[in-house]
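S.K.: Requesting a structural model of the entry that follows:
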Amino acid sequence: MGLKIIHTADWHLGQTFFGYDRQTEHTAFLHWLTNTITLTKADVLFIAGDVFDVANPSAAAQRQFFRFLKEINQSNPGLQVVVIAGNHDSAARLEAPNPLLEELNTSVTGVVKRTDQGEIDFDSLLLPLRNREGSVQAWCMAVPFLRQGDYPPTDDKENNTYVAGVDRMYQQLFNHARDKKEPGQPVVAMGHLHVMGAELSDDDRSERVIMGGLEAVTSNTFHPALAYTALGHIHKAQRVGGRENIRYSGSPLPMSFSETNYRHQVVMVELDGDNPARIEPILIPQTIELIRVPKVPAIPEEVIAALSELPDKPLLEDEAHLAPFLEVRVLLTEPAPGFRNQVEEAIAGKFVRLTSIIPSYPRREHGGEEVALSFHDLQKIDPLDMVKRTYENKYANELPESIEKLFREVVQELNVKQEAQ
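M.R.: Numbers count the residues shown, from 1 in each chain. Purely as a prediction, here's the structure:
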């Protein structure tokens, strides 16, 4: 009999989206996930890190998580849940309820434990995976988000980098698993890290990625004999390194407006002894719509006209928590200090929740070479010329006479004050 695993990650319970609470979306996802596990008769649920959005989650977020574990255990007897800590989680806090969670057939790995001799306790990172009848079908390398010093040390100074340390952790743990498993029992891995080549979500403020990829490992970190590698940390679902069985499941909820037309998913993995894993994405229904108005930035008048076409609020006030999130996109050719007020007035009776107003500016091509200016050269520049040039570069228009007049008045006032001193 094969083993069915549902791979999820990056739930970010307790997160807000531009200040709006997301509990409704998370509740809908967890309800859908429970039904999906029941329908597919999955044996194991993976949560590959970032269960919570912050290290000190609210009481409501923790209650939501523990209630889910209780309910899913009751509706799916024999289901095994394996959780690893992500960089957003507090490893120790996430592990603390383990004595109680064991009663719900749930294992949480947050801290890399060590033996009395100071060596890594590989047994604590290696978990047997059982089907619903309780028979061991596979083994899981449950590796949480690794911090400096969590991985095996080395005397080789050239290979004492973070990436090399993560490589050693997965290689040594795989060797330990291979020695411990029985014939016909595949080994799978979990991790919460950045694999080189992974596609990031645009404008996603939750993904913590070091510039230059200094913390990015390669797909070679994961042994070719691993049946499947379940990753978290990157919020777009994808395979990495050209290998079908190394995957990010992605986050269940959209993290930015760049995901307006993107469908989130979980991954169903079926293991059958030494045979290749069968992998099937399962799409998650979206609870709250993300909309951009207009789809292409337009001048303020056109934007306000488009906003007026949005649907009105329903009569039932209890549906307000389902209103779409709105991003307004405007093309500015001159300053528009009152534009936000105009937007708020236009959507006052509409079934949307304003998150942000994103300004764009006309592109203006510049010919000629850039010339480095000395301090002496800068002193010769007329401040008004600088204002004119800055305005033209930003708005692709000449500086209005009203602003030029105001600027001259300010300069004159400053000159008078300086002379008085």
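
S.K.: could you show me where the strands are in the stretch 1-150 of the chain, in order?
M.R.: Taking DSSP state E, counting those that start in this stretch as the test, the strands found in the stretch 1-150 of the chain are 3-8, 16-17, 20-21, 44-48, 80-84, 106-109, 126-130, 136-142.

S.K.: I'd like a version of those in a markdown table, one that adds distance to residue 190 and mean neighbour count as further columns.
M.R.: In short, each C-beta sits where N, CA and C put it, glycine included. Shown next, in a markdown table, are the strands of the stretch 1-150 of the chain (distance: least, CB to CB, whole Å; neighbours: other CB atoms under 10 Å):
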| stretch | distance to residue 190 | mean neighbour count |
| --- | --- | --- |
| strand 3-8 | 9 | 24 |
| strand 16-17 | 27 | 15 |
| strand 20-21 | 29 | 15 |
| strand 44-48 | 5 | 28 |
| strand 80-84 | 5 | 25 |
| strand 106-109 | 8 | 22 |
| strand 126-130 | 9 | 19 |
| strand 136-142 | 5 | 23 |
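
S.K.: Export the ones you listed to JSON lines and append columns for distance to residue 170 and mean pLDDT.
M.R.: What follows is those, written out as JSON lines (distance: least, CB to CB, whole Å; pLDDT from 0 to 100):
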{"stretch": "strand 3-8", "distance to residue 170": "17", "mean pLDDT": "98"}
{"stretch": "strand 16-17", "distance to residue 170": "34", "mean pLDDT": "95"}
{"stretch": "strand 20-21", "distance to residue 170": "37", "mean pLDDT": "95"}
{"stretch": "strand 44-48", "distance to residue 170": "14", "mean pLDDT": "98"}
{"stretch": "strand 80-84", "distance to residue 170": "13", "mean pLDDT": "98"}
{"stretch": "strand 106-109", "distance to residue 170": "14", "mean pLDDT": "97"}
{"stretch": "strand 126-130", "distance to residue 170": "12", "mean pLDDT": "97"}
{"stretch": "strand 136-142", "distance to residue 170": "7", "mean pLDDT": "97"}
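
S.K.: The ones you listed: which one's closest to residue 187?
M.R.: strand 136-142 (5.0 Å; CB to CB).

S.K.: Give me the contacts around the helix or strand following that closest one.
M.R.: Next helix or strand after strand 136-142 toward the C-terminus (DSSP states H and E): helix 162-180. The set of residues external to helix 162-180 that reach it, using CB atoms under 8 Å, 6 or more residues apart in numbering, is 120, 122-123, 125-126, 139, 141, 143, 146, 148, 150-152, 154, 187, 189, 191, 193, 214-217, 220-223, 225-226.

S.K.: Go ahead and build a PyMOL selection from the buried members of these.
M.R.: Selecting only the buried entries of the contacts of helix 162-180 in PyMOL, with 16 or more other CB atoms under 10 Å as the criterion:
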select buried, resi 120+122+125+126+139+141+143+146+150+151+152+187+189+191+193+215+216+217+221+222+223+226
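
S.K.: Touching, residue 222 and residue 188? I think so.
M.R.: No - contact criterion CB atoms under 8 Å: residue 222 and residue 188 do not qualify, at 10.0 Å.

S.K.: Name the residues of stretch 158-170 that are buried.
M.R.: Neighbour-count burial for stretch 158-170 flags 162, 163, 164, 165, 166, 167, 168, 169, 170 (criterion: 16+ other CB under 10 Å).

S.K.: From residue 164, how far off is the nearest residue in space to the fifth one that is not next to it in sequence?
M.R.: In other words, residue 166. Leaving aside its sequence neighbours, residue 166 sits nearest to residue 217 (CB to CB, 6 or more residues apart in numbering; 5.2 Å). As judged by CB to CB, to the nearest Å, residue 217 and residue 164 stand 9 Å apart.

S.K.: All set, thanks.
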